[in-house]
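>>> Could you work out the structure for the sequence below:
(chains A, B and C)
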Amino acid sequence: METQEDLEAGREVAEASLPTSLRGVQPKFETKGLKAGFGTNWVLKGIDLKIPPNRVTAVMGPSGCGKTTFVRCLNRLHELTPGATVEGEALLDGEDIYDRNADPVAVRRRIGMVFQKPNPFPTMSIYHNVVAGLTLNGERNKKKLDHAVEHSLRGAYLWDEVKDKLSNSGASLSGGQQQRLCIARALAVEPEVLLMDEPCSALDPTATAKIEELITQLKRDYTIIIVTHNLQQASRVSDYTAFFYLGKLIEFDETATLFENPKEELTERYITGKFG
Amino acid sequence: MTSIFTSGRRQSWRRIFDRIMKVLILLSVVIAIIPLFFVVADVVVQGLPAISLAFFTKNPPSPLAGYGGILNGIEGSLLMVGMGTLIAVPLGVGAGIYFSEWPESRLSFLSSFTNDVLAEFPTIVVGLFVYSLVVAPTRTFSAVAGAVALAIIMLPIIARTTEESLKIVPVTLREASMALGVPRWKTIFRVVISTGKSGLATGILLGIARATGETAPLVVTAGYLNFPPTGLFQQTASVPYIIYNFGTAGYPNWTTVAWGAALVLVAFMLILNLSVKFFIGRRSTGVRAEI
Amino acid sequence: MPRLMDIGLDQLNSLLLDMATLSQQAVSASIDAYSLGSKGSEVRQMSNRLRALHRQVSDLSVEMIARYQPVASDLRFLKACMEISYGFFRYGRYALDITSVLDMFGDLSKCDKKFVVDTAKKTQEMIRMSVEAFAKRDLEMARNIPTMDDVVDESYRRNLRTTLEKKGADIKCALSSALILRYLERIADHASYIGESVEYIATGVEPKLD
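Presented below is the predicted three-dimensional model:
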């Protein structure tokens, strides 16, 4: 049973252990005591984390550590599951997305999400898939939509491959292309944050490499949070890494530091494979 | 060390046994199909002579007085099945959507009630229910009563297939839509239903097929009329009723009309079922691509 | 449960321990050759063997990095392995250099060898410390090596100064002493580096450069 003192102590640890490069930097996303679960079965047991802007932050940990739940709380997707519960705060640019008056739909428009298995809308063409977020919300201006399609597909490194077959079904592309299509679809809504839940786990190495390249380019314009169980991917792609275990944040640091010389014994044991 | 070739004797006994089983199974299939085949053949053979253009444009003849048609039945059935569909589809699809998209609600038990009980309900009881509800107060058999009875019969079928078709749509598609900042109701109507629409269409067609063939409820709600429908609150003919009425009367020309009507009904069912297959077989891209 | 990587790590560890023993022996043999006048012919063979072992360690470390993409303490160990094996290789090399001085200069029986032998003893002690620090991952011992290094450095410089100031000194003795002291000083430096590498494996911290 987490007491108030435990939470306070946890918060102090988080502050003190902030990597030097992030001290004094205004975080894009900040969670305070974020708890999430189903009923009283808490999967996340109080997370205090500051996500830096315009960087790639990897969230990793063994299965069941709560990393996916954490990320799904950031765009208020977790609460859509029946029985889901959330407590605590998640501040996007200082505003709590879980505030009583906050509109979850408006929150989700500022945050894009890419899922583990590519999920383009099967009944829509590539064109309509990309701008689904716009058309489903009432945008009809053809010029705007055309521009958004090209801009987003270019941003996802997919334009050249599909520009001549925009009316083909979204599902007619290869796995890697479908995932880039989903990224384009997320980008079209012009979010500020991009959440990626193990985006490459269903893809072959070539497709994975392309998407990793894409991610490192995207951070210029977006804050990216990527959940991954692949240590090498986290070390290739991310600037900062957060290590979760059993619903708690164990360590958060610059990726290079965490992978060369982690501060916590638990982190060391996990990344060197000495777990279990 | 045993060889991959079994010894000669065991091998041939096994082969013989295999062949016997195959023959037995084939035989059972044939035996099962034969009655069906004969029924259809009978309908075709007996009904074909009655078919002509006049069959579809004239009303039934008087007893012993030559040939006629089933115009009244066709128009009546169209009217009542049509009205029934107009009632059942919005309600059935709505219920199916509710059961699928809000499974955690307290009314979800109604879903299993609908599927298990209502869908197989004896239709004569439905007819009786509508009799007391509509026919008795209005003191007349009517097309409206018939339509209501048919709607009640169609509703569970449509609700069930709608619910099942929507449930097949992967959760991840809903999540993708919600994650884009699309409100829930739009997600349901523009994404979920759009992906499951062939299932929905199938359900509606199956419901129509079922309703078209129902006889018992119409006997106690719509009654019969020798002419095309004259009013919503008047007795109305239907094709099944014609088969029922004219087939057992004993007059040879009436018998012919009944067989003709039977053929029309069977042909209509066949067309409907082929349409259903068309909808299922068509690459409703999403659901198949996922699998 | 042992990891796939552990097989290779154990192999590296035993290779390094072999190199440690061998390099110690090589240095001892060369010092004995100097002080007792023995031939020291086995030193060349030892030095070559050390060179081969160093290459083996280097190859194996790189192969492990490429195959297993190790992180944290494993990665630090592999980096340190390559540095430490280089250190042991250099021990052997300098032992060889000492014996080649003896070959070149011939008979040195008339020289005053006491000072050099004393310094050699200190150096051998440092070698022993470096080997033990590595074998037992002994941080304490690793941290003590630099202090002894200062002592050896001081000896080397003092001898140079004295030699420069002395008039009429025997060239052969003076030069041979200076050269051998130089090699001992370099061996001592490498012992320090090995100590630093051992510390790096444990703490991930590299000492500041002076």
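>>> Enumerate the helices of chain A by residue range, in sequence order.
Taking DSSP state H as the test, the helices found in chain A are A:4-16, A:67-74, A:104-110, A:126-130, A:132-135, A:142-155, A:159-162, A:175-188, A:205-218, A:231-237, A:255-260, A:265-271.
>>> which intervals of the stretch 151-291 of chain B have sub-threshold pLDDT?
B:281-291 (pLDDT under 70).
>>> can you tell me the residue of chain A closest to chain B?
As assessed by CB to the nearest CB, chain B sits closest to A:Pro122 within chain A, at 2.3 Å. Yep, even glycine has a C-beta here, placed from its N, CA and C like the rest.
>>> no, scratch that, I was asking about chain C
For chain C, CB to the nearest CB, closest residue to chain B: C:Gln69, 30.8 Å.
>>> For the stretch 51-200 of chain A, which residues are neighbours of chain B?
The stretch 51-200 of chain A comes close to chain B at residues A:75, A:77, A:80, A:82-83, A:105-113, A:115, A:117, A:119, A:121-123, A:132-133, A:136-137, A:169, A:171, A:182, A:185-186, A:189, as judged by CB under 8 Å from any CB of the partner chain.
>>> buried sites along the helix or strand C:Glu154 falls within?
Here C:Glu154 sits within helix C:139-165, counting by DSSP states H and E. Buried positions in helix C:139-165, judged by neighbour count with 16 or more other CB atoms under 10 Å in any protein chain shown: C:141-142, C:145-146, C:148-149, C:152, C:155-156, C:159.
>>> with those residues in mind, which one is nearest to B:Ser100?
C:Ala142 (67.5 Å; CB to CB).
>>> which ones are touching the closest one?
Neighbouring residues of C:Ala142 by CB atoms under 8 Å, 6 or more residues apart in numbering or on different chains: C:130, C:133, C:194-196, C:198-199.
>>> Kindly report the same for B:Ile87.
By CB under 8 Å, 6+ apart, the contact list for B:Ile87 reads B:147-148, B:151.
>>> mind checking how far it is from B:Val135?
The spacing between B:Ile87 and B:Val135, counted by CB to CB, to the nearest Å, is 17 Å.
>>> How confident was the prediction at B:Gln46?
Predicted confidence (pLDDT) for B:Gln46: 88.
>>> show me what contacts it?
Shown in contact with B:Gln46 (CB under 8 Å, 6+ apart): B:256, B:259, B:262-263.
>>> 7 Å - rerun?
By CB atoms under 7 Å, 6 or more residues apart in numbering or on different chains, B:Gln46 lies in contact with B:Trp259.
>>> Quickly find the element holding it.
helix B:8-47.
>>> tell me which residues in that helix are buried?
B:43, B:46-47.
>>> now stretch C:183-199
Buried, per 16+ other CB under 10 Å, within stretch C:183-199: C:183-199.
>>> Show only the entries of these found in helices.
Mapping the buried residues of stretch C:183-199 onto helices (DSSP H) picks out C:183-199.
>>> returning to that earlier point: take the buried residues of helix C:139-165 and write them to a markdown table, including distance to C:Leu22 and pLDDT.
A markdown table is the format used below for these (distance: CB to CB, whole Å; pLDDT from 0 to 100):
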| residue | distance to C:Leu22 | pLDDT |
| --- | --- | --- |
| C:Met141 | 20 | 91 |
| C:Ala142 | 21 | 91 |
| C:Ile145 | 20 | 91 |
| C:Pro146 | 24 | 87 |
| C:Met148 | 22 | 86 |
| C:Asp149 | 22 | 88 |
| C:Val152 | 22 | 86 |
| C:Ser155 | 26 | 84 |
| C:Tyr156 | 25 | 85 |
| C:Asn159 | 28 | 83 |
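>>> Return the member of these nearest to A:Gly176.
C:Ala142 (49.1 Å).
>>> Return the per-residue confidence for B:Phe113.
Predicted confidence (pLDDT) for B:Phe113: 83.
>>> C:Ala169 now?
69.
>>> just B:Ser7 next, same as before
Reported pLDDT for B:Ser7: 69.
>>> so the closest residue to C:Tyr183 other than its chain neighbours is in which element?
Excluding the flanking residues, the one nearest C:Tyr183 by CB to CB, 6 or more residues apart in numbering or on different chains is C:Tyr94, at 4.4 Å. Using DSSP H and E, C:Tyr94 sits in helix C:72-105.
>>> Report the inter-axis angle for the helix or strand following that helix versus helix C:139-165.
The helix or strand immediately downstream of helix C:72-105 is helix C:114-136, counting by DSSP H and E. Angle, helix C:114-136 to helix C:139-165, by axes from the mean of the first three to the mean of the last three CA atoms, to 10 degrees: 160 degrees.
>>> For helix C:114-136, buried residues please.
Residues C:116, C:119-120, C:122-127, C:129-131, C:133-134 are the ones in helix C:114-136 that count as buried (16+ other CB under 10 Å).
>>> of all those residues, which comes closest to B:Val220?
Among the buried residues of helix C:114-136, and counting by CB to CB, the member closest to B:Val220 is C:Phe134, at 99.2 Å.
>>> Could you list the low-confidence segments of the chain?
Since you didn't name a chain, this refers to chain A. Across chain A (using pLDDT under 70), the flagged ranges come out as A:1-2, A:7-17, A:276.
>>> Switch to chain C, please.
Within chain C, the stretches with pLDDT under 70 are C:168-169, C:210.
>>> For it, which residues are neighbours of chain A?
Contact residues, chain C versus chain A (CB under 7 Å from any CB of the partner chain): C:3, C:69, C:71-76, C:204.
>>> hmm, 6 Å instead?
Proximity of chain C to chain A, by CB under 6 Å from any CB of the partner chain, involves residues C:3, C:69, C:71-72, C:74, C:204.
>>> could you say which helix or strand contains the residue of the stretch 101-250 of chain B found nearest chain C?
Nearest residue of the stretch 101-250 of chain B to chain C (CB to the nearest CB) works out as B:Thr172 at 30.8 Å. Element membership of B:Thr172, judged by DSSP H and E, is helix B:171-179.
>>> And that helix, what's buried?
For helix B:171-179, a neighbour-count test (16+ other CB under 10 Å) marks B:173-179 as buried.
>>> got it, and stretch C:37-54?
Quick answer for stretch C:37-54 (16+ other CB under 10 Å): C:40, C:43-44, C:46-47, C:49-50, C:53-54.
>>> Residue of the stretch 1-150 of chain A closest to chain C, please.
A:Met60 (11.7 Å).
>>> Contacts for stretch B:274-281, please.
B:198, B:201-202, B:205 (CB atoms under 6 Å, 6 or more residues apart in numbering or on different chains).
>>> Got a quick ChimeraX command for the buried subset of those residues?
To isolate the buried ones among these in ChimeraX, judged by 16+ other CB under 10 Å, type:
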select /B:198,201,202,205
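>>> ok, which pair from the contacts of stretch B:274-281 is furthest apart?
Pairwise over the contacts of stretch B:274-281, using CB to CB, the maximum falls at B:Ser198 and B:Leu205, 10.5 Å.
>>> For the most centrally placed residue in chain C, give its distance to A:Ala84.
In chain C, the residue lying closest to the centroid (CA atoms, centre = their mean) is C:Tyr91, at 3.5 Å. C:Tyr91 sits 64 Å away from A:Ala84, taking CB to CB as the criterion.
>>> now do C:Asp189
Taking CB to CB, one finds C:Asp189 at 63 Å from A:Ala84.
>>> With B:Ser77 instead?
50 Å.
>>> Compare these two (neighbour count), which wins?
Taking other CB atoms under 10 Å in any protein chain shown, B:Ser77 and A:Ala84 do not tie; B:Ser77 has more neighbours (30 against 17).
>>> To what extent is the nearest residue to B:Ala65 once chain neighbours are set aside buried, counted in neighbours?
Distances taken as CB to CB, 6+ apart place B:Asn253 nearest to B:Ala65, at 7.1 Å, with adjacent residues excluded. Counted with other CB under 10 Å, the neighbours of B:Asn253 add up to 19.
>>> ok now the helix or strand hosting B:Asn253, how far from the chain's centre?
Take DSSP H and E as the rule and B:Asn253 turns out to sit in helix B:252-281. Distance of helix B:252-281 from the chain centroid (CA atoms, centre = their mean, to the nearest Å) equals 12 Å.
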